[in-house]
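> below is the sequence, then the predicted model.
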Amino acid sequence: MENQIYAGAVIAAGGMATRMQGVNKQLLELDGVPVLARSIIAMGKVSAIKEIVVTARREMFAEIESWKEKFSLPPFSLVQGGESRQQSVQNGIRQLSGKVDYFVIHDGARPFADEALISRCLRSAVEHGAATAAVKTKDTIKKAAADGSIENTPDRNYLYLTQTPQIFSAPLYRFAAQKAQEEGLDFTDDCQLIEHIGHKVWLAQGDYRNIKITMPEDIAVAKAIQREMLTHENSSYEDISSKTTNEKREGKPMIVRCGHGYDVHKLVEGRKLILGGVDISWEKSLLGHSDADVLTHAIMDALLGAAAMGDIGQHFPDTDPQYAGADSIALLRCVVHKLQKAGYQISNIDSTVIAQKPKLKDYIPKMRERIADACGIEMEQVSVKATTEENLGFTGAGEGISAHSVCVITK
């Protein structure tokens, strides 16, 4: 997919850092590499991003230019930032060529966005026109009343913290920016531009490590994340290099777990048929408390089973009205978050849908994309297959659809 699109990145680094008590967060070094340089390097690793523009204060230009050779940065151009974030981003977009069909907008002070995260957001933007990296909030959020008391408590299941990159199709973004300019509006978040014109922005799986360095205390957090990432990289190298000579290395061994999931739903009329998060055009649909997506349900059960965390009925009971008609892809993101909190990563997912009808071959690539995006992994780590029952059994008779899934997770 990435070879078929032409994206341009705008890295916003023109802020005054008023909350950093005199520390220029863009120039702050992590393991000897400036924060902003790390953001530039990350964008350069994504093959679809052909152009990079950095918006910065004029007095930073000379130092940033010196990084090109010092840190072997990908080609990029510099443009002066504006008085607000929105104006800075617009200055950067004007520097991009007319070839660019997707704008990738990123905070220069987010040094931990990696190639996989950016690619996930890009896939979602290509599918929907607008997407942002986001993670579920870990804390319960309270809305304050004017007198300082708690007015209400929003449901945490639907609350996300947006990050960057935020990616938009070029025509959509230009239209939204023009409307904001005509109405004299200046937003602090690029998603708000798109929301203002009534277009949806889709949430792509972010990363809790993808922090924005904004306050002085963020520096310590960023350095801790960098140390953890370096330790992980070194450990991974040791694991690979010692596999043939020493099956047991010092410290904790890697844990590999396998899980199996199965789900089945009855076919009825009058609902949408959804499999793997994709709307399937057909005369019948699946009956269930949620959207009855048997494929995604089987995957969730496989993941939960691998981690010995129960099943979807335990976590999302069909007696709970909040899950009535629930989007199973959103529930899958919740499961992935539970695994991440327990220290697990997904290695691969292999699934089979069993249905006499409809034919699913043309839908499978989009299913793999939706599942990979929800799990925060690459499409290559997700396999979806479809088969019939040769007219045998309840699925063969067209009475229902079932799905099996097997997954491997590591810790």
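Yes, it's here.
> CA atoms for contacts and neighbours, from now on please.
Noted.
> could you work out the end-to-end span of stretch 175-191 for me?
As for stretch 175-191, its first-to-last residue distance stands at 13 Å under the measure CA to CA, to the nearest Å.
> so what's Ser77 up against?
Counting by CA atoms under 8 Å, 6 or more residues apart in numbering, Ser77 makes contact with Ile52, Val53, Val54.
> distance of Gly8 from Val46?
When distances are taken as CA to CA, Gly8 and Val46 turn out to be 11 Å apart.
> swap in Glu283?
Glu283 is 40 Å from Val46, where distance means CA to CA.
> that older thread, Gly8 and Val46: which is more packed in?
The neighbour count for Gly8 versus Val46, taken as other CA atoms under 10 Å, is higher for Gly8 (28 against 18).
> residue contacts, the spatially closest residue to that one that is not a sequence neighbour?
Leaving aside its sequence neighbours, Gly8 sits nearest to Glu51 (CA to CA, 6 or more residues apart in numbering; 4.7 Å). Shown here is Glu51, whose contacts under the criterion CA under 8 Å, 6+ apart are Ala7, Gly8, Ala9, Pro75, Phe76, Leu96.
> now do the helix or strand where the third one lies: which elements does it pack against?
When you say that, I think you mean Ala9. Per DSSP states H and E, Ala9 falls inside strand 7-13. Here strand 7-13 is seen to pack against helix 35-44, strand 49-56, helix 85-95, strand 102-107 when contacts are counted using 3 or more CA pairs under 8 Å, 6 or more residues apart in numbering; DSSP states H and E.
> partner strands of that strand, with direction?
Strands adjacent to strand 7-13 in the sheet, as given by DSSP bridges, are strand 49-56 (parallel), strand 102-107 (parallel).
> please identify the most buried of those.
Among these, strand 102-107 has the highest mean neighbour count (mean count of other CA atoms under 10 Å), at a mean of 26.
> what about it, average pLDDT?
The average pLDDT for strand 102-107 rounds to 97.
> and the angle from it to helix 35-44?
In terms of direction (axes from the mean of the first three to the mean of the last three CA atoms, to 10 degrees), strand 102-107 departs from helix 35-44 by 160 degrees.
> now the element after strand 102-107, going C-ward?
Sequence-wise, the next helix or strand downstream of strand 102-107 (DSSP H and E) is helix 115-128.
> just the residues contacting the helix or strand just after that following helix, thanks.
Once the chain leaves helix 115-128, the next helix or strand it forms, by DSSP H and E, is strand 130-136. If you take CA under 8 Å, 6+ apart as the criterion, strand 130-136 is touched by 117, 121-122, 124-125, 157-169, 191, 194, 200-208.
> how does the protein divide up, domain by domain?
The chain breaks down into these domains under automatic domain parsing: 2-143+160-213, 256-410.
> chain center to stretch 287-304: distance?
Using CA atoms, centre = their mean, to the nearest Å, the mean C-alpha position of stretch 287-304 is found 20 Å from that of the whole chain.
> with just CA atoms, put that stretch into PDB.
Taking Å, rounded to 0.1, in the frame of the first residue of the first chain, the C-alpha atoms of stretch 287-304 are listed here in PDB:
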ATOM      1  CA  LEU A 287     -27.600 -12.300  15.300                       C
ATOM      2  CA  GLY A 288     -25.900 -11.300  18.500                       C
ATOM      3  CA  HIS A 289     -25.800  -8.900  21.500                       C
ATOM      4  CA  SER A 290     -23.000  -6.900  19.900                       C
ATOM      5  CA  ASP A 291     -22.400  -6.500  16.200                       C
ATOM      6  CA  ALA A 292     -22.000 -10.400  16.100                       C
ATOM      7  CA  ASP A 293     -18.600 -10.200  14.300                       C
ATOM      8  CA  VAL A 294     -17.700 -13.900  14.800                       C
ATOM      9  CA  LEU A 295     -14.200 -13.500  13.300                       C
ATOM     10  CA  THR A 296     -13.200 -10.700  15.700                       C
ATOM     11  CA  HIS A 297     -14.800 -12.600  18.600                       C
ATOM     12  CA  ALA A 298     -12.800 -15.700  17.800                       C
ATOM     13  CA  ILE A 299      -9.600 -13.600  17.700                       C
ATOM     14  CA  MET A 300     -10.400 -12.000  21.000                       C
ATOM     15  CA  ASP A 301     -11.000 -15.300  22.600                       C
ATOM     16  CA  ALA A 302      -7.700 -16.700  21.200                       C
ATOM     17  CA  LEU A 303      -5.700 -13.700  22.600                       C
ATOM     18  CA  LEU A 304      -7.400 -13.900  26.000                       C
END
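> can you put the strands paired with strand 7-13 in TSV and add distance to Cys334?
As requested, those are exported to TSV (distance: least, CA to CA, whole Å):
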stretch	distance to Cys334
strand 49-56	30
strand 102-107	25
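> which one of those strands lies nearest to Thr296?
When those are compared by CA to CA, strand 102-107 sits nearest Thr296, at 29.2 Å.
> for stretch 129-145, buried residues please.
The neighbour-count check on stretch 129-145 (16 or more other CA atoms under 10 Å) flags Gly129, Ala130, Ala131, Thr132, Ala133, Ala134, Val135, Lys136 as buried.
> ditto for stretch 323-338
Within stretch 323-338, the residues that qualify as buried by neighbour count (16+ other CA under 10 Å) are 323, 326-329, 331-338.
> run a quick neighbour tally on Leu230.
For Leu230, the neighbour count with other CA under 10 Å is 13.
> where do the helices of this structure begin and end?
In the chain, the helices defined using DSSP state H lie at 35-44, 61-70, 85-95, 115-128, 170-182, 190-196, 216-241, 294-306, 312-315, 328-341, 364-375, 393-396.
> could you report the pLDDT at Glu51?
Taken from the predicted model, the pLDDT recorded for Glu51 is 97.
> gap between it and Thr410?
36 Å.
> ditto for Ser347
Distance from Ser347 to Thr410, by CA to CA: 7 Å.
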